[in-house]
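S.K.: how does the following fold in three dimensions:
(4 chains)
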There are 2 protein chains.
Amino acid sequence: MDAFPVTYGVPVDDLTASRAPSKVTLVDIARLAGVGVGTASRALSNAKNVAPATRARVLRVAEEHNYVVSPEASRLAKGNTGRVALVVPHLSRWFFGSVVEGLDSVLREAELDVLLYQVGDARDRRDFFDRLPARRKVDAVVVVGFQVEDDERTRMETMGVHIVAAGGQSAAYPSVHIDDYEASRQAVDHLLHLGHTRIGMLEAVDPDQPNLSATRSPAYYDALERAGIPADPTLVVTAPWGGEHGAASMGRLLGHAEPPTAVFAHSDEVALGAIRTLRRAGLRPGDDVSVVGIDDHPMAELTDLTTVRQRPVEQGVIAGRLVLDLLGGGVAPQASTTLPTELVVRGSTAPPLRR
Amino acid sequence: MDAFPVTYGVPVDDLTASRAPSKVTLVDIARLAGVGVGTASRALSNAKNVAPATRARVLRVAEEHNYVVSPEASRLAKGNTGRVALVVPHLSRWFFGSVVEGLDSVLREAELDVLLYQVGDARDRRDFFDRLPARRKVDAVVVVGFQVEDDERTRMETMGVHIVAAGGQSAAYPSVHIDDYEASRQAVDHLLHLGHTRIGMLEAVDPDQPNLSATRSPAYYDALERAGIPADPTLVVTAPWGGEHGAASMGRLLGHAEPPTAVFAHSDEVALGAIRTLRRAGLRPGDDVSVVGIDDHPMAELTDLTTVRQRPVEQGVIAGRLVLDLLGGGVAPQASTTLPTELVVRGSTAPPLRR
DNA sequence: ATCGGAAATGGAAACGTTTCCAGCGCTTCC
DNA sequence: GGAAGCGCTGGAAACGTTTCCATTTCCGAT
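M.R.: Next comes the predicted model:
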């Protein structure tokens, strides 16, 4: 990204120059159909109190002249935007793309438009909450995979903009997420059940998602403790999120005086990085060192990676429904939905070798 | 996805119920600042012909009262939408997510809003071009990774909506893409230079992207012919896109009476599926059978996959600039940009074993 | 026949901007 | 000293809907 500066020469104002030629308006349609504009509007918007014959005539005329309502005018008169903002840190990552996929399908079905906002870093994010919402461009905001600060949330609320979280928990607004602690426990318990006692962890931190690792490593420590195994902090390596960093971290573990026989990785991508390091070191994943991740990334299946499955598309779908609930105005939607995770055992984990 | 029906109980009309409480309008600001609405508008929109003192006063009052313009009203008066539609087949795939990432960064910088439309299959796509959605909601449409039919394009144009293609070529509208033929040639030539003479191909078809494989397999045949190697159609296996299908196709090749010593896969995901099959068959990728893909998916690096790199984020960025050009109205933008691809040699390819 | 009420209709007001146009006070130049 | 010009300003018109309200029409019931 950094290689491609995004500044561009055209002044913003000039962008307003182009214009659509389609000039047929509701008034035209009404005149052509021989009805008043009120009736024409009602006919087109499926309102009641329009005679079937009249409606048919209006619709036919509209069709013939390729009439389409002006969303601007319609929204202005109606007083709402019909739009929802999706705020996503990294679109190119499988997890986020999948959540958005789920969200999009539900929101489109409800005839809502989806406005996309990618907020890579904290600055982008500040920007978003400062500018857009304040601009009354949307009725609701869905944040994917991160938390909204209290002051940001307050501002949104005073503007009448709803907030929903997908792939991240919050007490302050409705959210859909997995139980990170539980997922991590499933992964570590699996290694324990296989008989491993020397278990490392590859912890990933994302400066923009500080709270994620915060629940995954405690689960690791707790699981070990419950199994009566003393935790060894030198077996926990922390690095930024991503396969490359996973690979490097695994390298550090291999350099340990007494290396682990199994490793719990923060995510599948991290785990796959670790596996590359193992292979390059001449070790067989699963046979020599067990590796388990979290996500069930499509690559996990292809690479025989044991993992804890979550379903991001489903998270998106449910978050989308929360948005509809909120916009429907009626029922107070369930504050928080926790989706189950599921251990998927593949070839990258096995009992430890006898020594 | 299919497990989660997207229909929802709230009638669309009811979604219009909620409303923003922020009721301070331009007229209020003008009154409070003691100026006319015209002047207030000019002051806020940075127009000229406003006395510095007046502008300052208006801005201060607006700030104090948390004034924000109504985009609906503004757009209605101005006559343009300030929005661009992104039409994408599969958001959760790395390639598409990355292109959108690039597009988003450029368009946001220009203060344009990005409307997302996911069109999984041909029906969705028809729908998109048929129904009003794009019609007057956007100033331009960017299609990612597929072609627009001629009649669809014509309709868009008569509505004054610009079209740009990212990750797919077209003669009819501006586009950014790689040279698929050349990329395929690079991959196959690499295998030939290593000394392979028995080279298979895993061809992927996507019902929604029919034209992709159309250029990759001809390149394969041509490269072999140029090397004086008779093509063997039984070494070309065609299947839907995806790792699972790649794995199955590789299985078929292994069952061949005289299996290939190297395989050119349509994409990295397909290649990784093939590699899983090789591993399960006890074969070492690179040593026993060479595999090369196309994309340089992040996983390629982690799995030591030789591949032909393309840069989807860059494609998105350039496509975004094309949109700005078009909207700027001035210069006719360059019709078509072909980005270079680059062979990246890793561990999955090596000279054939001596027999 | 007449009446009451529901259904259908036309028109106007409202939504909140931007932009055009005319006016007004100053300077500046004959 | 007057006319021309310029910078700034206020107000009105326009943008294209939706919705409210008053009116008309239609129908069955009395």
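S.K.: what are the boundaries of the strands in the stretch 151-300 of chain A?
M.R.: A:162-166, A:175-178, A:199-205, A:236-240, A:262-265, A:290-295 (DSSP state E, counting those that start in this stretch).
S.K.: can I get those strands in a markdown table including distance to DNA strand C and mean pLDDT?
M.R.: C-beta here means a position set from N, CA and C on the backbone, and glycine is covered the same way. Converted to a markdown table, the strands of the stretch 151-300 of chain A look like this (distance: least, Cβ to the nearest atom of the strand, whole Å; pLDDT from 0 to 100):
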| stretch | distance to DNA strand C | mean pLDDT |
| --- | --- | --- |
| strand A:162-166 | 19 | 91 |
| strand A:175-178 | 31 | 93 |
| strand A:199-205 | 42 | 94 |
| strand A:236-240 | 42 | 94 |
| strand A:262-265 | 51 | 97 |
| strand A:290-295 | 45 | 97 |
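S.K.: closest to chain B out of those?
M.R.: Closest approach to chain B among the strands of the stretch 151-300 of chain A (Cβ to the nearest Cβ): strand A:162-166, 7.5 Å.
S.K.: give me the contact list for the closest one.
M.R.: When contacts are defined by Cβ atoms under 8 Å, 6 or more residues apart in numbering or on different chains, strand A:162-166 is touched by residues A:99, A:103, A:139-145, A:147-148, A:153, A:156-157, A:172-177, A:315-316, A:318-319, A:322-323, A:326-327, B:18.
S.K.: got it, and stretch A:140-147?
M.R.: Looking at what lies outside stretch A:140-147 - Cβ under 8 Å, 6+ apart - the contacts are A:84-89, A:95-96, A:99-100, A:103, A:125, A:133, A:156, A:161-168, A:170, A:208-209, A:211, A:316, A:319-320, A:323, A:326-327.
S.K.: show me which residues of it are buried.
M.R.: A:Ala140, A:Val141, A:Val142, A:Val143, A:Val144, A:Gly145, A:Phe146, A:Gln147 (16 or more other Cβ atoms under 10 Å in any protein chain shown).
S.K.: so where's the stretch 251-355 of chain A uncertain?
M.R.: A:329-334, A:354-355 (pLDDT under 70).
S.K.: for ChimeraX, write a command that selects the buried ones of the contacts of stretch A:140-147.
M.R.: The buried residues among the contacts of stretch A:140-147 can be selected in ChimeraX (16+ other Cβ under 10 Å) with this line:
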select /A:84,85,86,87,88,89,95,96,99,100,103,125,133,156,161,162,163,164,165,166,167,168,170,208,209,316,319,320,323,326,327
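S.K.: report the secondary structure element holding the closest residue to DNA strand C within the stretch 1-150 of chain A.
M.R.: As assessed by Cβ to the nearest atom of the strand, DNA strand C sits closest to A:Gly38 within the stretch 1-150 of chain A, at 2.3 Å. Using DSSP states H and E, A:Gly38 falls within helix A:37-44.
S.K.: what about the residue in the stretch 151-300 of chain A that DNA strand D sits nearest to, how many neighbours?
M.R.: Nearest to DNA strand D in the stretch 151-300 of chain A, going by Cβ to the nearest atom of the strand, is A:Gly160, at a distance of 17.0 Å. Neighbourhood size, A:Gly160 [other Cβ atoms under 10 Å in any protein chain shown]: 16.
S.K.: ramachandran angles for it?
M.R.: Main-chain torsions, A:Gly160, degrees, to the nearest 10: phi 80, psi 20.
S.K.: any idea how far it is from A:Asp139?
M.R.: Separation of A:Gly160 from A:Asp139 (Cβ to Cβ, to the nearest Å) stands at 8 Å.
S.K.: next: A:Gly195.
M.R.: 54 Å.
S.K.: just A:Tyr181 next, same as before
M.R.: Distance from A:Tyr181 to A:Asp139, by Cβ to Cβ: 33 Å.
S.K.: tell me which of those two has more neighbours.
M.R.: Neighbour count, other Cβ under 10 Å: between A:Tyr181 and A:Asp139, A:Asp139 has more, with 23 against 16.
S.K.: what's the burial count for the closest residue to the more buried one other than its chain neighbours?
M.R.: Leaving aside its sequence neighbours, A:Asp139 sits nearest to A:Thr81 (Cβ to Cβ, 6 or more residues apart in numbering or on different chains; 5.3 Å). When neighbours are counted by other Cβ under 10 Å, A:Thr81 registers 24.
S.K.: quick check, A:Thr81 in a helix?
M.R.: No - assigned with DSSP: H, G, I helix; E, B strand; the rest coil, A:Thr81 falls outside any helix and is coil.
S.K.: how about it, phi and psi?
M.R.: phi -100, psi -30.
S.K.: got the contact list for it?
M.R.: A:Arg75, A:Arg136, A:Lys137, A:Val138, A:Asp139, B:Pro71, B:Glu72.
S.K.: how about a cut-off of 6 Å?
M.R.: Contacts of A:Thr81 were listed using Cβ atoms under 6 Å, 6 or more residues apart in numbering or on different chains, and they are A:Arg75, A:Val138, A:Asp139.
S.K.: how close does it get to B:Leu115?
M.R.: Where B:Leu115 is concerned, A:Thr81 sits at a distance of 12 Å (Cβ to Cβ).
S.K.: same question for A:Val345.
M.R.: 42 Å.
S.K.: who has more neighbours out of the two?
M.R.: Between A:Val345 and B:Leu115, B:Leu115 has the larger neighbour count (other Cβ under 10 Å), namely 21 against 12.
S.K.: shouldn't the more buried one be within a strand?
M.R.: Yes - counting by three-state DSSP, B:Leu115 is located in a strand.
S.K.: need the pLDDT of it.
M.R.: B:Leu115 is assigned a predicted lDDT (pLDDT) of 90.
S.K.: in three-state terms, label A:Thr338 for me.
M.R.: A:Thr338 ends up strand, using three-state DSSP.
S.K.: can you pull the phi/psi pair for the residue nearest to it when sequence neighbours are not counted?
M.R.: Among residues not flanking A:Thr338 along the chain, A:Asp179 sits closest, at 5.2 Å (Cβ to Cβ, 6+ apart). Main-chain torsions, A:Asp179, degrees, to the nearest 10: phi -90, psi 100.
S.K.: would you mark the buried spots in stretch A:33-41?
M.R.: Buried positions in stretch A:33-41, judged by neighbour count with 16+ other Cβ under 10 Å: A:Ala33, A:Val35, A:Thr39, A:Ala40, A:Ser41.
S.K.: tell me the mean pLDDT over it?
M.R.: 93.
S.K.: wait, does that stretch contact DNA strand D?
M.R.: Yes - remark: stretch A:33-41 sits within contact range of DNA strand D at A:Val37, A:Gly38, A:Ser41, by Cβ under 7 Å from any atom of the strand.
S.K.: hmm, who's touching that stretch?
M.R.: Here stretch A:33-41 has contacts from A:Leu26, A:Val27, A:Ile29, A:Ala30, A:Arg57, A:Val58, A:Val61, using Cβ under 6 Å, 6+ apart.
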